[in-house]
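Undergrad: Fold the following and give me the result.
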Amino acid sequence: MTTTAQTSPEELRAQMVAAVRDEGHVRTERLQQALNTVPRHAFVPDASLEEAYHPHRAITIKDGGPNGQPASCSTWPTVIAMMLDQLDVQPGEHVLEIGAGTGYNAALLTELVGAEGSVTTIDIHPDVTDHAQRCLNNTGYTQVRVITGDGARGVPEHAPYDKIIVTVGPWDIPPAWIDQLKSDGRLVVPLHWRGQARSISFTHARNGTLVSEDCQLCGFIPMIGIVPSGERAVELHSEVALHLDRDQDVAAEALHEALMKPATKEWSGVTVRSGESFDGIWLRLTATEPGTCRIAATPQAKADGVCSPVLPYRSPAVVDNDSFAYLTARQADGDGEQRFELGAAGHGPTGSELAERLCQHIRDWNRDRTAQPRILAAPYAFLENDLPDGLIITKHHVRLVLA
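TA: Next up, the predicted model:
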């Protein structure tokens, strides 16, 4: 984004909207008008105008979150627009937002629902809701209900809702969100599973399940409160860990021993440009490999030759008993442009077979890079035998079925 010191907020806002639209978001005229109307800089008064209207910049408003992360922030405008595209708010609808943040998203929602609709936003941090309420009042969005409380409980006194949007990162889907959503209503939630996070647009089916309509890569601050996380880390080395879900049991000692032996590398023949996304491989793995998880290694681990995941802190891996494999890459001939061939490194007795299996998934992804699994979220009232065919992921409150 090119700016000068004299560029007005309106000009910067127009540049932001244009940049977000060029990335394939802002699919409706109504959303474009909302983004052009709401003054984002008024919701982040401590940021510069350039920071406020940068399309790829989150702005922290509260420190002290888990693992050194912020406790609350204003999300990238590109991600905000992507999730609002997924939510598809219509005039007159009643919307619940979990995670008030700065209040900016609630203001956009207010523009989208119009005078006949309503917006309720809830956050667990009183200072965050104070900030959101103050900014909403200052910008004229006084009709937004701002509530302090645990978002996992929803806001039952104003239910049911046509749409619910979650702007924090939960590992599970609490019952309140399903109970307070109208039949055929929509839930957009950045859900964590198998070491990654995706914003899923669910439709509330008449039988009480949630069925995915769209699934996009994203990242949010982990949710705190009564909904516990089911993620855990298994250290294989002082510089290497696997991040798994509660329903995944692994032989940590055997995997540690496997890591200490040389890797077997297999190559897929599939190449990507520098900066080109290949996250769809991870999504595909979550629907096909029960042992899918995340491997995290420090740069020092790579320098020491311990392991070499394609992205050190965030790469997909597959575990099977005493062996595992993870996504890696090497430079490839790019005919004048920088390209990388994707492959897999395997450790353990069946590491070579796992690496080749991962390479086959890479080739399958390459044949249709936009394919998404169908994801169904079913409360425990549904017996496992009543669920459709697919890979089942067990959470505290729901089972996910990926097909």
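Undergrad: what's downstream of the one helix or strand residue 112 maps to, the next helix or strand?
TA: Taking DSSP states H and E as the criterion, the element that holds residue 112 is helix 104-113. Towards the C-terminus, the helix or strand next in line after helix 104-113, according to DSSP H and E, is strand 118-123.
Undergrad: Measure how far that following strand is from the centre of its chain, please.
TA: Taking the mean of its C-alpha atoms, strand 118-123 sits 21 Å from the chain's own mean (Cα atoms, centre = their mean, to the nearest Å).
Undergrad: and the angle for it with helix 104-113?
TA: Computed by axes from the mean of the first three to the mean of the last three Cα atoms, to 10 degrees, the angle separating strand 118-123 from helix 104-113 equals 170 degrees.
Undergrad: counting contacts, what elements does the helix holding residue 112 pack onto?
TA: helix 29-37, helix 77-87, strand 94-98, strand 118-123, helix 126-138 (3 or more Cβ pairs under 8 Å, 6 or more residues apart in numbering; DSSP states H and E). Heads up, the C-betas are built off the backbone N, CA and C, glycines and all.
Undergrad: Per the annotation, how does the protein divide into domains?
TA: In the assignment given by automatic domain parsing, the structural domains of the chain cover 9-162, 231-367.
Undergrad: End to end on the first one, go ahead and measure it.
TA: For domain 9-162, the separation between the terminal residues is 33 Å (Cα to Cα, to the nearest Å).
Undergrad: And the shortest one, by the same measure?
TA: Across domain 231-367, the straight-line distance between its terminal residues is 31 Å, by Cα to Cα.
Undergrad: What of stretch 163-174?
TA: OK, stretch 163-174 end separation, Cα to Cα: 16 Å.
Undergrad: now it, how far from the chain's geometric center?
TA: On Cα atoms, centre = their mean, the centre of stretch 163-174 falls 10 Å from that of its chain.
Undergrad: Check stretch 366-374 too.
TA: The gap between where stretch 366-374 is centred and where its chain is centred comes out at 18 Å by Cα atoms, centre = their mean.
Undergrad: and that stretch, which residues are buried?
TA: Burial within stretch 366-374, assessed by neighbour count using 16 or more other Cβ atoms under 10 Å, is assigned to 366, 372-373.
Undergrad: Pipe those into TSV and attach secondary structure and distance to residue 382 per row.
TA: Formatted as TSV, the entries for those read as follows, by DSSP: H, G, I helix; E, B strand; the rest coil; distance: Cβ to Cβ, whole Å:
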residue	secondary structure	distance to residue 382
366	helix	35
372	coil	22
373	coil	19
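Undergrad: Out of the residues you listed, flag the one nearest to residue 109.
TA: Using Cβ to Cβ, residue 372 comes nearest to residue 109 of the buried residues of stretch 366-374, at 25.3 Å.
Undergrad: Reformat the domains of the chain into CSV and put mean pLDDT next to each item.
TA: Rendered in CSV, the data for the domains of the chain read as follows (pLDDT from 0 to 100):
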stretch, mean pLDDT
domain 9-162, 92
domain 231-367, 95
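Undergrad: Could you dump these into TSV and include distance to residue 224?
TA: Compiled in TSV, those are given as follows (distance: least, Cβ to Cβ, whole Å):
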stretch	distance to residue 224
domain 9-162	6
domain 231-367	13
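Undergrad: Any idea which of those gets closest to residue 194?
TA: Each of those was checked against residue 194 via Cβ to Cβ, and the shortest separation belongs to domain 231-367, namely 4.4 Å.
Undergrad: What's the mean pLDDT across the strand ranked longest in the chain?
TA: For the chain, the strand reaching the highest residue count under DSSP state E is reported as strand 181-193. Here the mean pLDDT over strand 181-193 is 97, rounded to a whole number.
Undergrad: Give the pairing partners of it; include direction for each.
TA: Partners of strand 181-193 in the sheet, by DSSP bridges, are strand 161-166 (parallel), strand 196-204 (antiparallel).
Undergrad: Only the buried residues of the following helix or strand past the first one, if you could.
TA: Reading on from strand 161-166 to the C-terminus, the next helix or strand found by DSSP H and E is helix 175-179. Neighbour-count burial for helix 175-179, counted by 16+ other Cβ under 10 Å, picks out 175-178.
Undergrad: which one among these gets closest to residue 342?
TA: Of all the buried residues of helix 175-179, the one sitting nearest residue 342 is residue 177; the distance, using Cβ to Cβ, is 36.3 Å.
Undergrad: Now do the closest one against residue 12, distance only.
TA: Using Cβ to Cβ, to the nearest Å, residue 177 is found at 35 Å from residue 12.
Undergrad: cool, and residue 237?
TA: 46 Å.
Undergrad: Same drill for these two, tell me which one is more crowded.
TA: More neighbours surround residue 12 than the other of residue 237 and residue 12, with 19 against 16 (other Cβ atoms under 10 Å).
Undergrad: three-state assignment of the more buried one?
TA: helix (DSSP: H, G, I helix; E, B strand; the rest coil).
Undergrad: Surely residue 77 and residue 41 touch.
TA: No - with contact defined as Cβ atoms under 8 Å, residue 77 does not reach residue 41; the gap is 11.8 Å.
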